[in-house]
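A.B. asks: give me the fold of what follows.
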Amino acid sequence: MRVRATEQDGTYPRPQLVREGWTDLCGTWQLAFDDARAGLDGGWAGLADLADREVFDRDVTVPFPPESEASGVGDAGPHSVFWYRRTLRSADIAGADAVATDGSRVMLRFGAVDHSAQVWLDGALLGSHEGGQTPFSFDVTSVLAGGDPEEEHVLVVRAHDDPRDVTQPRGKQDWLDEPHSIWYSRTSGIWQPVWCEVVPAVSVEHLAWTPDLPGAAVHLGLTLREAPADPVTVAVRLELDGQLLGEHRVRVDEQRISTTVAVPALRNGQARQDMTWSPEEPRLVDATVQVLAGPAGADGERVVDEVSSYLGLRSAGAGGGAFLLNGRPYYLRSVLGQGYWPTSHLTAPDAGALRREVELTKDLGFNAVRVHQKVEDPRFLFWADRLGLLVWGETANAFAFTPEAVRRLTTEWLDVVHRDISHPCIVTWVPLNESWGVHDIATDPAQQAYATGLAALTRAVDPSRPVVSNDGWEHTDSDLWTVHDYADTGAVLAQRYGTADMGETVGRPGPEGRVIRLPGGTDRGQPLMLTEFGGVRYTPALPEEQAEKRTWGYSTASDAEDFARRLTDLLSAVHGSPVLAGFCYTQLTDTMQEANGLLDEDRRPKLPVERLRRIITGRPDAAV
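C.D. replies: Modelled structure (predicted):
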């Protein structure tokens, strides 16, 4: 197998661990709402006759949420329990015919199901998962292997997503029946791909790449599906543009290992810049990982598993009042991305839409995106890696502070970091936003300890990236100071951020009456960034009935020229600040009732792209 992960087409659901054969299970499923919660006692998991539509009374197109138009259901509810059903045949699963002879395993994988899921196959419970933003899988070999390959097996999924439960990480999904203010229609149930793959019994399950530029090496954390009965050899090969960068072999008798691949070419400081990853030069390193059985180095060694992956040689950090990329100051021009589409909600309309989102963001002049209150599809992150767009990794927050809310968010957040740790595009982790779920953090030591603990846990599992403990204000232990400020004129922004005195800036109450850094918060001379501002509302040429629904914005432009003037005024002030190390403009697209996008909800720019680009990159004279 010589599938290069860097050359994939963006449809494979797990782009940093690629195998040749996989089977897409998206498409038409059967659906039942269970508002009375009768399904478990009623035995819905064992209803095997797909022709009987008394319970499963409608079809749904997976992976689109049932609330969305793209799902074919379009029922906004509110509903809290969703049952899905479809059939599987081993004859339809790529590679399943070899399972009976070589001991391979058939894995059923879910990209994400909001918020919790139980899964049955032929009435037998496979298991459950909690966390609406993270992947999970089950071994279904015992059901699908060894029998008639044409036999139909019934797969059932029960998803639970209570719209009223504010201890559940919700992000911007509304808890009321109808979207209001800045809150959106819900995305419940299956909303990322469902798929199958056949893997060897001893196979690679997870890879965690960490580049070490000063050490001229790449660190690898590798997890096998299970510990091998007899020791195996893991062989790693790294290539850049077809040229060998490094090779390494290690003997393995455990399920999880940590090892290091030397990259001697990185020792040449003059040549390093030709190997590193950045938005301007998004060079990706191809990685091949093999698992070999048999005596180490013997002629009888045989490959039992091979996967393709990729990584980027880059570092991210903070120092000297600046954000650092590859050890050098790098000014962030970022935009707030809600990752929401009008007909499909948090699910992209198709795989190509994820690439187009990255391309549009770069075309506008941004070098970064802050994915807001959502964990993006891994295929979006692939295109950010491939095309060169920095990403701040965030997650959906809960709205309450309780032991259950703490447990849920902490567990899900660590799973998010685990999933995305290898993406070079991700340069900052953001577990909390604007004190959501910790509304009394200014006075409550427990909430302060929670924010500090989330930051510490994040650094414990990934010390290679900056962490923002609470984006926007009331920081406890952050590597970057960030503030949200929706002042409607550049003059106000210039007055607030026109001084180089960091102590004065981060210590005073901010625009929402909240200090940027809480008393006792760590002070390491962190850089300051304006990570939400702007939000100018403008609805060009919309029919009156649509314009009436686009009500949200922090200020309103009367026409295209007024919109351009307001953008120029705000961004000129930000670019002129001697203290800001970067910014994040709100926002990329109109979303539901929010009309404060640079693009409308269908991704059409409200001004010519080149004009927007000049404003965003700080060349307004060429834009007006």
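A.B. asks: going forward, measure contacts between C-alpha atoms and count neighbours the same way
C.D. replies: Fine.
A.B. asks: can you pull out the strands in the stretch 201-350 of the chain?
C.D. replies: 204-212, 217-224, 232-240, 243-252, 256-262, 285-293, 302-311, 316-319, 322-325, 328-329, 332-337 (DSSP state E, counting those that start in this stretch).
A.B. asks: list the buried residues for the first one?
C.D. replies: Read it as strand 204-212. 204, 207-212 (16 or more other Cα atoms under 10 Å).
A.B. asks: so how far is the helix or strand harbouring residue 416 from its chain's centroid?
C.D. replies: For residue 416, the host element (DSSP states H and E) is helix 403-420. Using Cα atoms, centre = their mean, to the nearest Å, the mean C-alpha position of helix 403-420 is found 13 Å from that of the whole chain.
A.B. asks: does anything pack onto that helix? Which helices or strands?
C.D. replies: In terms of contacts (3 or more Cα pairs under 8 Å, 6 or more residues apart in numbering; DSSP states H and E), helix 403-420 is packed against helix 445-461.
A.B. asks: now distance to residue 415 and mean pLDDT too, for the strands of the stretch 201-350 of the chain, in CSV please.
C.D. replies: Listed next are the strands of the stretch 201-350 of the chain as CSV, based on distance: least, Cα to Cα, whole Å; pLDDT from 0 to 100:
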stretch, distance to residue 415, mean pLDDT
strand 204-212, 12, 98
strand 217-224, 14, 98
strand 232-240, 25, 97
strand 243-252, 25, 97
strand 256-262, 16, 97
strand 285-293, 23, 97
strand 302-311, 20, 96
strand 316-319, 21, 97
strand 322-325, 25, 98
strand 328-329, 30, 98
strand 332-337, 21, 98
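A.B. asks: and those strands as TSV, adding distance to residue 50?
C.D. replies: What follows is those, written out as TSV (distance: least, Cα to Cα, whole Å):
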stretch	distance to residue 50
strand 204-212	33
strand 217-224	37
strand 232-240	44
strand 243-252	46
strand 256-262	41
strand 285-293	41
strand 302-311	37
strand 316-319	52
strand 322-325	54
strand 328-329	60
strand 332-337	40
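A.B. asks: most tightly surrounded among those strands?
C.D. replies: strand 332-337 (a mean of 25; mean count of other Cα atoms under 10 Å).
A.B. asks: so after that one, what's the next helix or strand?
C.D. replies: helix 351-363.
A.B. asks: which of the residues in whichever helix or strand comes after that following helix are buried?
C.D. replies: Next helix or strand after helix 351-363 toward the C-terminus (DSSP H and E): strand 368-371. Within strand 368-371, the residues that qualify as buried are 368-371, counting by 16+ other Cα under 10 Å.
A.B. asks: partners of strand 368-371 in the sheet?
C.D. replies: strand 332-337 (parallel), strand 390-394 (parallel) (DSSP bridges).
A.B. asks: now the ones you listed as CSV including distance to residue 236?
C.D. replies: CSV is the format used below for the strands paired with strand 368-371 (distance: least, Cα to Cα, whole Å):
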stretch, distance to residue 236
strand 332-337, 34
strand 390-394, 27
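A.B. asks: residue 194 is nearest to which of these?
C.D. replies: The minimum distance between residue 194 and the strands paired with strand 368-371 falls on strand 390-394, with 22.8 Å, by Cα to Cα.
A.B. asks: what residues does that closest one touch?
C.D. replies: 279, 367-375, 384, 425-432 (Cα atoms under 8 Å, 6 or more residues apart in numbering).
A.B. asks: just stretch 59-68 next, same as before
C.D. replies: So stretch 59-68 is in contact with 26-31, 70-77, 185-194, 343-345, 347, going by Cα under 8 Å, 6+ apart.
A.B. asks: ends of that stretch, how far apart?
C.D. replies: By Cα to Cα, to the nearest Å, the extent of stretch 59-68 from end to end equals 13 Å.
A.B. asks: how far off centre is it?
C.D. replies: 20 Å.
A.B. asks: re the thing from before, out of the buried residues of strand 368-371, who's nearest residue 45?
C.D. replies: When those are compared against residue 45 (criterion: Cα to Cα), the nearest one is residue 371, at 35.9 Å.
A.B. asks: mean confidence score for stretch 530-543?
C.D. replies: Averaging pLDDT along stretch 530-543 yields 90.
A.B. asks: which residues does residue 501 contact?
C.D. replies: By Cα under 8 Å, 6+ apart, the contact list for residue 501 reads residue 579.
A.B. asks: give me the pLDDT for it.
C.D. replies: Listed pLDDT for residue 501 reads 75.
A.B. asks: ok, now the one 3 residues further on?
C.D. replies: Residue 504 is assigned 72 on the pLDDT scale.
A.B. asks: tell me if it really is in a helix.
C.D. replies: Yes. The assignment for residue 504 by DSSP: H, G, I helix; E, B strand; the rest coil puts it in a helix.
A.B. asks: can you report how many residues lie near it?
C.D. replies: 11 (other Cα atoms under 10 Å).
A.B. asks: after the strand or helix carrying residue 126 comes which helix or strand?
C.D. replies: Per DSSP H and E: residue 126 is located in strand 124-130. Counting by DSSP H and E, the next helix or strand C-terminal to strand 124-130 is strand 136-139.
A.B. asks: what's that next one packed up against?
C.D. replies: Using 3+ Cα pairs under 8 Å, 6+ apart, strand 136-139 sits against strand 105-110, strand 124-130.
A.B. asks: out of those, which gets nearest to residue 180?
C.D. replies: Closest among those, using Cα to Cα: strand 124-130, at 27.0 Å.
A.B. asks: before we move on, back to that, just the contacts of stretch 59-68: which are in strands?
C.D. replies: 27-31, 189-190, 194 (DSSP state E).
A.B. asks: could I have the ChimeraX command that selects the buried members from those?
C.D. replies: Selecting only the buried entries of the ones in strands among the contacts of stretch 59-68 in ChimeraX, with 16+ other Cα under 10 Å as the criterion:
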select :29,30,31,189,190,194
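A.B. asks: re earlier: contacting residues around the strand holding residue 126?
C.D. replies: So strand 124-130 is in contact with 46, 115-120, 136, 138, 140, going by Cα under 8 Å, 6+ apart.
A.B. asks: pick the one among those residues closest to residue 399.
C.D. replies: Out of the contacts of strand 124-130, the member with the shortest distance to residue 399 (by Cα to Cα) is residue 115, at 15.0 Å.
A.B. asks: please name the nearest non-neighbouring residue to the closest one.
C.D. replies: Excluding its sequence neighbours, the residue lying closest to residue 115 (Cα to Cα, 6 or more residues apart in numbering) is residue 132, at 3.9 Å.
A.B. asks: and the one you found, what does it touch?
C.D. replies: 112-116, 169 are the contacts of residue 132 under Cα under 8 Å, 6+ apart.
A.B. asks: what sits against residue 466?
C.D. replies: By Cα under 8 Å, 6+ apart, residue 466 lies in contact with 316-318, 427-429, 478-480.
A.B. asks: repeat that for 7 Å
C.D. replies: 317, 427-429, 479 (Cα atoms under 7 Å, 6 or more residues apart in numbering).
A.B. asks: next up, phi/psi of it, please.
C.D. replies: Dihedral angles of residue 466 (phi, psi; degrees, to the nearest 10) stand at phi -60, psi 150.
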